Each structure stands twice: as structure tokens, then as C-alpha cells.
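*Asks:* Everything below, folded, please.
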Amino acid sequence: MSDLNTRMQAMGDRARAASEAVRVAPAEVRSAALTAMAGALRNRAAAILEANTRDLDRGRANGMAEAQLDRLALTPARIEAMAAAVDEVAAFADPLGVETARWTRPNGLDFARVRTPLGVLAIIYESRPNVTADAAALCLRSGNVAILRCGSDCLDSALAIHAAVVEGLAAAGLPADAVQLLDTPDRAAVGALLTGLNGTIDLLIPRGGKSLVARVQAEARVPVLGHLEGINHTYLDASADPDMAAAVVVNAKMRRVSVCGSTETLLVDRAGAARLLPPVAEALMAAGCELRGDEEARALVPAMRAATPEDWGHEFLAPVLAVRVVDGLDAALEHIRRHGSGHTDAIVAEDADAAARFLEVVDSAIVLWNASTQFADGGEFGFGGEIGISTSRLHARGPVGAEQLTSYKYLVRGTGQTRP
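*Replies:* This is a model prediction of the structure:
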């Protein structure tokens, strides 16, 4: 066995041992660890920023795109937001042991279904260093342990954040191995995690680009909680209010173009296009967005570039938006079905019947009415953070918070019953 494989197996063994301590730790102990973790993040802010500067400098030297640099960058405000999210998770009602159902059978047996941890989670992510804290907090709240593997571009930042995580665990008397971070950029480490490390990993969660998720789903020998790219649509119904449409679409695209909740395609009802598209396009272009439209859209807004077939179903992660005029709600639904990724889609409409049909028919993890797709975020859902937006139809779907990282077991209480 290579040195790397030996190290990886040792991490898996330590994680499995730590999972028993975390699983039975009282809720107040795990809460205390989270509170201490948030304090350590604040106290270590200078060191975290210094580490992040090294990552950013290396990224620029390697020609990293601006959208990727934005994902990578930390600021004092972002570190405070990270710490505040951990504090919020610490204050959550503990999901473990919660009864989700209870019933009694005619023979007197009492059945209860209660929430339990999943166990050891391996979380593979790319250039978002804040995932280090989010994943640690949500795993700890849900009684799980974690092996984290960040992208090489954010390794210094992640290591600095992980030091605060370990400080929080130690303050509450929990094992440091409850949250481990790979300290090597070696790509072979991902392959080792995909094997499941001889049964020590219970679930893999990839959070990153299409190629990463595809590799994990294709090669993993343990269950995977998928997170596809955010090919998100906003549809403007003919009934939409122009001012609301402009405000929602500009926010959905331009608030942060690098996040997975950013709208990538704007669909406009032909019946309202002449009224809606010009002011919305003007607001987008004023905000610095490049528009790529079909023939009908460009006839209404000549400043648009011509869209190509590749622009439909493309995640730009940049200030670029594909625009298409469609023949009503049915055509919009068909476009989303054909080109969407099942992540997040929105309708802007005053017609409640049209909105109700959109909400019912669009089969995405998150579907919104008169709201920006940028609300595709665990914090905005009140989860305190997220490990990702799951596009899976099994287990968890949408933002993956602490509750979504639990399974369940059945407790059956009897009084001496035997089965005939």
C-alpha cells in the first residue's frame, strides 16, 4: 500500500472511531463545540485572511478566472458571516433522537421512528473555503463526522479554517478526528476516498463543477449525494409586473454570478415580451451583464449578441445571460425540462394560476414564484448553512442542512409479545 493510501486509510479508521463518540455526545456538548468553533473563527480571522491572500495570489498567478477568484476570496465580512452561520447552527434544535412518527399495533407493540446520524461523511469540494466551516458545523450538529477534501486552490484557507474547527472540538472535549481535512493537493486522495476506505465512509458528497460530480458518481463505491451544476431559469410570464421583473432578474443574475443559484437563462413569454424584455434587458446591461438572445429577443433588444445552441443549458458563472422568447408557459416548461439541471427555477407572474402550474410542473429541487433564484442557499432557508444543493431525488433534495444529514431507525417497545 502506498504512503498516501496508508495515510488515507488511517484517516478513515480514526473517523470511524470518532463517530462513536460524536454519535452519543449530548446535544449540549455538540452545541458547545459549535459555539467555541464560531469564536475561534473570529479570533483567527487575521490568520485566515493571510492564508486566503496566499491562495488568491497563487490563483491569479495561475490565471484563475474572476468568477473563481470571487468564490475563493474571503473578507472580514465573509469570515464574520461564516462564524455567524456556525452560531446559528449551534442554536438549532438538535435533530438527533427526534421522533418523526409513532404508532401502536393491535398486538400492543409500540413503534417509533427516530432520527439518527449517517456516520462518516467524505465531502469533496473545490474553491469555496467557507465550505470547511459549513460542513464541519452541519456534520457536528447532526452527530456525524467528516473527512474533508478541498480543492488545491483553497488549501491554505481551508487549513486555517480547520484549525478553528479543531479548537472548537477540543474546547468541548470532542475528538479532533471528528472533522479531518486532507492537507495534500494530491489528486490520488480523491480516488482513495471514492473506494470508501474499506467501509469506513458511509456517504460521499461532492460539491463542485460538473466534472468532479460526474467522476464521483461514476467511480464511487459508496452512496453519493449528488449536486449538479446550477443551470437555472427565470421565466417572465405575460402577467409579470415590469418593475418586479427587472428587480428579480437583475438580482437573480448579478448579485453574485459565481454562485450555483445564479440564473443562467431568461425565458420571456411572447405575449408580454415587448412590454417586459426591453426594460429588463436595459437594467441587466446597466449592471454589466452581457446578453445573448435568440432572434425574437434580439429584434426587441438589438444590443444583444446572438445566442448559440450551446448557450441553452450552459452554466456561465459569469455576467452572461442567455435570453429566449417562448410561446407561453408550456414552451417555457418544455425548455426547462430539456435544458435545466433540476437545481433552481423561478417564475415572475401576477397570474396566480400560471404560477401554480409552474410550481407544480417544474421538477427542480427549488422552484420559486416572484423571487430571485439566488435564494437557493441553505442560510436563506433558515438552515444556518449548507453542504450543497442536492439535485438527487433520493434521500435529501435542495439545500442540505443538519436535518438532511440524518437517517432514522425504528425503536420497538413491547411487553413480552411473541410472533405467532
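*Asks:* Just the helices from the stretch 1-150 of the chain, written as ranges.
*Replies:* Ranges of helices within the stretch 1-150 of the chain are 3-24, 27-43, 45-61, 66-72, 76-91, 130-141, based on DSSP state H, counting those that start in this stretch.
*Asks:* could you redo those helices as a markdown table and give each row distance to residue 150?
*Replies:* The C-beta positions use only the backbone N, C-alpha and C, and glycine is treated the same way. Formatted as a markdown table, the helices of the stretch 1-150 of the chain follow (distance: least, Cβ to Cβ, whole Å):
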| stretch | distance to residue 150 |
| --- | --- |
| helix 3-24 | 14 |
| helix 27-43 | 16 |
| helix 45-61 | 10 |
| helix 66-72 | 11 |
| helix 76-91 | 14 |
| helix 130-141 | 7 |
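*Asks:* burial of residue 255, as a residue count?
*Replies:* Residue 255 is flanked by 15 other residues according to other Cβ atoms under 10 Å.
*Asks:* try residue 26
*Replies:* Burial of residue 26 is recorded as 10 neighbouring residues (other Cβ under 10 Å).
*Asks:* In the beta-sheet assignment, what are the partners of residue 224?
*Replies:* residue 204 (DSSP bridges).
*Asks:* what's the least confident stretch among the helices of the stretch 1-150 of the chain?
*Replies:* Lowest mean pLDDT of the helices of the stretch 1-150 of the chain: helix 66-72, a mean of 87.
*Asks:* Mind listing what's buried along that one?
*Replies:* 67, 68, 69, 71, 72 (16 or more other Cβ atoms under 10 Å).
*Asks:* Kindly report the same for stretch 358-378.
*Replies:* 358, 362, 364-368, 371-378.
*Asks:* Between the two ends of stretch 375-383, how far is it?
*Replies:* 12 Å (Cα to Cα, to the nearest Å).
*Asks:* closest to residue 387 among the buried residues of helix 66-72?
*Replies:* residue 71 (15.7 Å; Cβ to Cβ).
*Asks:* And the lowest-mean-pLDDT helix or strand in the chain, what does it pack against?
*Replies:* The helix or strand of the chain with the lowest confidence, counting by mean pLDDT, DSSP states H and E, is helix 210-219 at a mean of 83. With contacts defined as 3 or more Cβ pairs under 8 Å, 6 or more residues apart in numbering; DSSP states H and E, helix 210-219 has these neighbours: helix 188-194, strand 203-207.
*Asks:* What strand or helix carries residue 350?
*Replies:* Per DSSP states H and E: residue 350 is located in neither a helix nor a strand.
*Asks:* so how far is residue 213 from the closest residue to it other than its chain neighbours?
*Replies:* Sequence neighbours aside, residue 239 is the residue nearest to residue 350 in space, at 4.2 Å (criterion: Cβ to Cβ, 6 or more residues apart in numbering). When distance is defined by Cβ to Cβ, to the nearest Å, residue 239 is 37 Å away from residue 213.
*Asks:* Of those two, which one has the most company?
*Replies:* residue 213 (21 against 18).
*Asks:* Return the residues in contact with that one.
*Replies:* The contact partners of residue 213, by Cβ atoms under 8 Å, 6 or more residues apart in numbering, come to 206, 226, 227, 228, 229.
*Asks:* Narrow the residues you listed to those in strands?
*Replies:* residue 206 (DSSP state E).
*Asks:* okay if I get the contacts of residue 213 as JSON lines plus distance to residue 327?
*Replies:* As requested, the contacts of residue 213 are arranged in JSON lines below (distance: Cβ to Cβ, whole Å):
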{"residue": "206", "distance to residue 327": "37"}
{"residue": "226", "distance to residue 327": "33"}
{"residue": "227", "distance to residue 327": "33"}
{"residue": "228", "distance to residue 327": "28"}
{"residue": "229", "distance to residue 327": "27"}
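*Asks:* quick one: which of the contacts of residue 213 is nearest to residue 110?
*Replies:* Out of these, the member with the shortest distance to residue 110 (by Cβ to Cβ) is residue 226, at 36.7 Å.
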